[in-house]
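S.K.: the following comprises the amino acid sequence and a computationally predicted model.
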Amino acid sequence: MFPTTFPAPIIPAADSVPALRWGIMAPGGIAATFAEAVLAHTGQKLVAVASRSLDRAQDFANTWGIEKAYGDYAELLANPDVDVIYIAAQQHVHRDLALQSIAAGKHILVEKPFAMTGAEAREIVAAARTAGVFAMEAMWTRYLPQTSIINQLIADGTLGDTRLVTADHGQFIPEGHRVRSLESGGGALLDLGIYPIAFASQILGSPTAVHNVGSLIDSGVDAQSLLTLSYAGAAQAQLNTTLLARTPTRASVAGSDARLEVGSGFFTPTSLRLSKPGFTGESIHWADETGIVAHYGLSYQATALASFVAQGLNESPVHTLAETVAILDTIDSARWQLGYRFQSEQ
């Protein structure tokens, strides 16, 4: 039966989880956004920050009221008062910094993408499991209220059999930006396309086939991709990403019994519309009214991580390490089809 209302989100309240002591590694733009969101909307404690530049770390600490600032990552990892490390560096060093943090016995939240490749991600996962520490990719979309609602609709069978998932994410990335840099492991797929691919994975799991049509820019990184992913049965995903233009950034799930549309900025706090099949089918609408808007939604993943650690888990049950690796495998396949390989893959 078509519902008259959406289910309520099931997410941990910020005041219901223990306050972990966080260290931030690499105080760049995303680290500042994370710090602002965490301080505004969680009870988590930011206690230390490290950069390769002590001045930069101290400026960040002064801005966000963080007690300890270090000019060396090893000093941060040696601090016994730090429970978890948020790795906010560029992706070409994620593997090394994650392995160092794990060796120091720290839990880790690694900014997306978790690693440059599926192979690198497997190294991190193996190390974390051996050490018995918690490891999670900062795929913050998975912890938003709307994602809980989507998961419930899928689990309840409201949409029927899923036939098609669509999603897009395109931004205009100017010359000189790290996303255009081969040395930084740039490209649209790893930085932007990971969101549509992760959305399809959330709904359909791992694809049985990946077909990509796209192009590279002069630096050698991928500029845009049009992806068709196939799955067991009749389901497909049609995804696109580009660093050459701003796109609508919407997503949808078309099922045999209903269609779900996720509003613009589908990977941020947004809206949902559930419609009956047919051009004139009735629909119901949901909008996020928490007041936690845009990238303040990064706060949810910090609360979720603290909840998982409190439960004695070593990975996220809603975005597992196996899925994290599988998504990077999909990106690897899509990159390779465009002729974009890293030096380690030659």
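M.R.: Arrived safely, thanks for sending.
S.K.: going along the chain, name the strands of the stretch 101-250 of the chain.
M.R.: For the stretch 101-250 of the chain, the strands defined by DSSP state E, counting those that start in this stretch occupy 107-111, 135-138, 162-170, 209-216, 222-230, 236-242.
S.K.: list the pairing partners of the third one within its sheet, with orientation.
M.R.: Spelled out, it's strand 162-170. The pairing partners recorded for strand 162-170 under DSSP bridges are strand 236-242 (parallel), strand 251-255 (antiparallel).
S.K.: what ranges do the helices span in the stretch 151-300 of the chain?
M.R.: Secondary structure of the stretch 151-300 of the chain by DSSP state H, counting those that start in this stretch: the helices cover 188, 194-204, 298-310.
S.K.: before we move on, back to that, quick one: closest of the strands of the stretch 101-250 of the chain to Gly185.
M.R.: Closest to Gly185 of these is strand 222-230 (CB to CB; 11.1 Å). To be clear about C-beta, it is placed using only N, CA and C from the backbone, and glycine gets the same treatment.
S.K.: show the average pLDDT along the closest one.
M.R.: For strand 222-230, the mean pLDDT works out to 98.
S.K.: name the helices or strands packed onto it?
M.R.: Contact analysis of strand 222-230 by 3 or more CB pairs under 8 Å, 6 or more residues apart in numbering; DSSP states H and E lists helix 188, helix 194-204, strand 209-216, strand 236-242, helix 321-337 as its packing neighbours.
S.K.: do you know how far Ser184 is from His177?
M.R.: Between Ser184 and His177 the distance is 9 Å, computed by CB to CB, to the nearest Å.
S.K.: neighbour count: those two, which is higher?
M.R.: Ser184 (19 against 14; other CB atoms under 10 Å).
S.K.: show me the contacts for the more buried one.
M.R.: By CB atoms under 8 Å, 6 or more residues apart in numbering, the residues touching Ser184 are 90-92, 178.
S.K.: now a ChimeraX select for only the buried ones of the residues you listed.
M.R.: The ChimeraX selection below is limited to those of those classed as buried (16 or more other CB atoms under 10 Å):
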select :90,91,92
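S.K.: between its first and last residues, how far does stretch 248-261 reach?
M.R.: 13 Å (CA to CA, to the nearest Å).
S.K.: can you confirm Ala98 is in a strand?
M.R.: No: counting by DSSP: H, G, I helix; E, B strand; the rest coil, Ala98 is not part of a strand but helix.
S.K.: how about it, nearest residue that isn't a chain neighbour?
M.R.: Leaving out its chain neighbours, the residue that sits closest to Ala98 by CB to CB, 6 or more residues apart in numbering is Ile124, at 4.6 Å.
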